[in-house]
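Engineer: With the input below, show me the fold.
(chains A, B, C and D)
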Protein chains: 2
Amino acid sequence: MEDEVDRLVAAWRRERPDLDVEPLEVLSRVSRLARHLDRARRIAFSEHNLEPWEFDVLTSLRRAGAPYQLSPGQLLTQTLVTSGTMTNRIDRLTKKNLVERLPDPSDRRGVLVRLTAEGRDKADQSLAGLLAQERAILRELSTQQRGELAGLLRQLTAPFDNTPG
Amino acid sequence: MEDEVDRLVAAWRRERPDLDVEPLEVLSRVSRLARHLDRARRIAFSEHNLEPWEFDVLTSLRRAGAPYQLSPGQLLTQTLVTSGTMTNRIDRLTKKNLVERLPDPSDRRGVLVRLTAEGRDKADQSLAGLLAQERAILRELSTQQRGELAGLLRQLTAPFDNTPG
DNA sequence: TTCAAGTGTCTTGACATCAAGATATATCTC
DNA sequence: GAGATATATCTTGATGTCAAGACACTTGAA
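Structural biologist: As a prediction, this is how the structure comes out:
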């Protein structure tokens, strides 16, 4: 089945036959699929009054395990947003009583963000919903294909995740 | 090489052994890789005073071929943003003299957005830069692996790209 | 032990995005 | 060919994000 990137690549080959646009076959699909996923998640979460960004923060804390706390800096590397954005997110989640800020006992510059009981419930409920939705999207692929795809993607993400940048 | 999603999945298996989190192996990597790509593109384009969203609109028009014009609606399906966002983008690109708005001669509700000469130059220059950057990222994979990856991703994107929604 | 460099978090201001709905025109049905 | 419905674009208001830099504390080197 053809997709929008097939059309995009064909258009470039017609307009710019001098360029090798093969990289777009992979990376434009990654970008576009991510946008489709964002949209789908936004719709799915809205039924539970949850924004995607709230999900990202709450589940990062949830999977840290009891006592469900991380520093803002650790949350940055998990969510790939800037520090100003994270400060703002923590403020808003605190107002909604889903997380609380505690002083870091071992570093007076630092802070720990901890999930409240309500925040933990919300994380658990929304994760189940997300997995159901993702399973539906992945029905297109066999188990083996999903494994191959995950492995190929890992090769691309690892350099980003393992360099300080 | 391990990546952040490996750690994320391991954490969920420890915290929620009752759930099957296998879907995250694929789709969390897609989302995270897209964010890394956004960051990298933002940095690369900033050298040419160009924002990623400007690139998206200008190149959509560029690859449409002469006379380099599309309706706002066609631009929506290519860029996956909302109509309000596109109106705003066209306004700003018009102010920068990179595109112009023309009435659609065959539909009085409609508008055509056309690339200016300056906009066309900018699209051509920035595409070359993007491809160079993407080639560097894809060095991790063999030619054959890139083909496999593109094919697997196509299977996931096609349903989104071929349904009205 | 002191001070320079590094680190962690927050503040600020500009700006891009979204959802919802308004408006104008097209198209379809009878 | 008239009215109901659909479509294309824009407007509005709220909100989330970013880059840059401020501030407080920590660390390392002499």
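
Engineer: tell me the angle the longest helix seen in chain A makes with helix B:22-46.
Structural biologist: The helix spanning the most residues in chain A, taking DSSP state H as the definition, is helix A:23-46. Helix A:23-46 and helix B:22-46 meet at an angle of 120 degrees, taking axes from the mean of the first three to the mean of the last three CA atoms, to 10 degrees as the criterion.

Engineer: can you pull the buried residues of helix A:23-46?
Structural biologist: Residues of helix A:23-46 classed as buried: A:23-34, A:36-37, A:40-41, A:44-45 (neighbour count, 16 or more other CB atoms under 10 Å in any protein chain shown). Backbone N, C-alpha and C define where each C-beta goes, glycine included.

Engineer: and DNA strand C, which of the residues you listed reach it?
Structural biologist: Applying CB under 7 Å from any atom of the strand, the subset of those adjacent to DNA strand C is empty.

Engineer: Secondary structure element holding the spatially closest residue to residue A:63 that is not a sequence neighbour?
Structural biologist: Spatially, and ignoring its direct neighbours in sequence, residue A:63 is nearest to residue B:11 (4.1 Å; CB to CB, 6 or more residues apart in numbering or on different chains). Using DSSP states H and E, residue B:11 falls within helix B:4-15.

Engineer: buried stuff in that helix?
Structural biologist: So helix B:4-15, judged by 16+ other CB under 10 Å, has buried residues B:4-6, B:8-9, B:11-12, B:15.

Engineer: Might you calculate how far it sits from the centre of the chain?
Structural biologist: 28 Å (CA atoms, centre = their mean, to the nearest Å).

Engineer: do the same with stretch A:83-95
Structural biologist: With CA atoms, centre = their mean, you get 17 Å for stretch A:83-95.

Engineer: can you list contacts of that stretch?
Structural biologist: With CB atoms under 8 Å, 6 or more residues apart in numbering or on different chains as the test, stretch A:83-95 has contacts from A:53-54, A:57-58, A:72-73, A:75-76, A:79, A:81, A:99-101, A:113, A:119.

Engineer: Which of these has the largest number of neighbours?
Structural biologist: Neighbour counts for those (other CB atoms under 10 Å in any protein chain shown) peak at residue A:99, which has 28 neighbours.

Engineer: Could you tell me the phi and psi values at that one?
Structural biologist: phi -140, psi 170 (degrees, to the nearest 10).

Engineer: Spatially, what comes nearest to it if we skip its sequence neighbours?
Structural biologist: Computed as CB to CB, 6+ apart, the closest residue to residue A:99 that is not its neighbour in sequence is residue A:93, at 4.5 Å.
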